[in-house]
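Engineer: Quick one, fold the following:
(chains A and B)
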Amino acid sequence: NAGVTQTPKFRILKIGQSMTLQCTQDMNHNYMYWYRQDPGMGLKLIYYSVGAGITDKGEVPNGYNVSRSTTEDFPLRLELAAPSQTSVYFCASSWGQVNTEAFFGQGTRLTVV
Amino acid sequence: QKEVEQDPGPLSVPEGAIVSLNCTYSNSAFQYFMWYRQYSRKGPELLMYTYSSGNKEDGRFTAQVDKSSKYISLFIRDSQPSDSATYLCAMRELLGNEKLTFGTGTRLTIIP
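Structural biologist: Residues are numbered from 1 along each chain as shown, chains lettered A, B, ... in the order given. Modelled structure (predicted):
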């Protein structure tokens, strides 16, 4: 059972470049999330989705875009990468019901230089 | 003031010791409280969750919630080297708001 799969695991971007972080889950979860984790700062929610075709902003959405065309996939798009976007990005999914567990992917380490 | 405060550590204790990890919060609407464990270079994984005030025990782990003080704790008994990880508290409001608010995490090392 793969769970939540993120690609790539590592990436170095130049300032101004764009990229898409891929996330797919095989648990048929309705809810999916994107977080970023900076040293000493915990996890900050970027965007989340409660189902295919529905997305909403989290705490730190600026500089990012998402789409949810299928239940399984929730890609995160970075346009015009900036050094402030250097971080570890985690995708997660859950049923979205009370007391349910959020399953996290392994993370994508992104460096913008 | 941050919504959730957590001592970042690092915390080092000898094997077999009792470990106490804590978080405080300011949002009185939080009703669900969780502890995640994160090994180095891995994603967080859910360790325990509790609803409202009270205690919950699972093996060597006990989670406590005191809503009157806005304070939650995770106790680890008979700590093992395999418990070495970063522990993150997380909280959520009631149904209709699925967003988790995380603490900054406490890095724990158990010394053999």
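Engineer: residue contacts, residue B:11?
Structural biologist: Residue B:11 makes contact with B:19, B:21, B:106-109, according to CB atoms under 8 Å, 6 or more residues apart in numbering or on different chains. Heads up, the C-betas are built off the backbone N, CA and C, glycines and all.
Engineer: Okay, residue B:101 and residue B:89: tell me how far apart.
Structural biologist: Separation of residue B:101 from residue B:89 (CB to CB, to the nearest Å): 9 Å.
Engineer: ditto for residue A:104
Structural biologist: Distance of residue A:104 to residue B:89, given as CB to CB: 15 Å.
Engineer: what about those two, which has more around it?
Structural biologist: Each of residue A:104 and residue B:89 has its neighbours counted (other CB atoms under 10 Å in any protein chain shown); residue B:89 has more, 27 against 24.
Engineer: Now do the top strand by length along chain A: everything it contacts.
Structural biologist: Secondary structure of chain A read by DSSP state E shows that its longest strand is strand A:42-51. Here strand A:42-51 makes contact (CB under 8 Å, 6+ apart) with A:30-38, A:55-61, A:64, A:66, A:68, A:71, A:74, A:76, A:89-90, A:96, B:4, B:6, B:44, B:88, B:90, B:98-100, B:102-105.
Engineer: quick one: low-confidence ranges for chain B?
Structural biologist: Low-confidence segments of chain B, defined by pLDDT under 70: B:95-98.
Engineer: how about the residues of it that lie near chain A?
Structural biologist: With CB under 8 Å from any CB of the partner chain as the criterion, chain B meets chain A at residues B:4, B:6, B:8, B:32, B:41-46, B:49, B:51, B:88, B:90, B:95, B:98-100, B:102-105.
Engineer: Give me the buried entries from the residues you listed.
Structural biologist: Using 16 or more other CB atoms under 10 Å in any protein chain shown as the burial test, the residues of chain B next to chain A include B:4, B:6, B:8, B:32, B:43-44, B:46, B:49, B:88, B:90, B:98, B:100, B:102-105 as buried.
Engineer: And the longest strand of chain A, what's buried?
Structural biologist: Buried residues in strand A:42-51, counted by 16+ other CB under 10 Å: A:42-49.
Engineer: what lines up beside that strand in the sheet?
Structural biologist: With DSSP bridges as the test, strand A:42-51 is paired with strand A:31-38 (antiparallel), strand A:54-57 (antiparallel).
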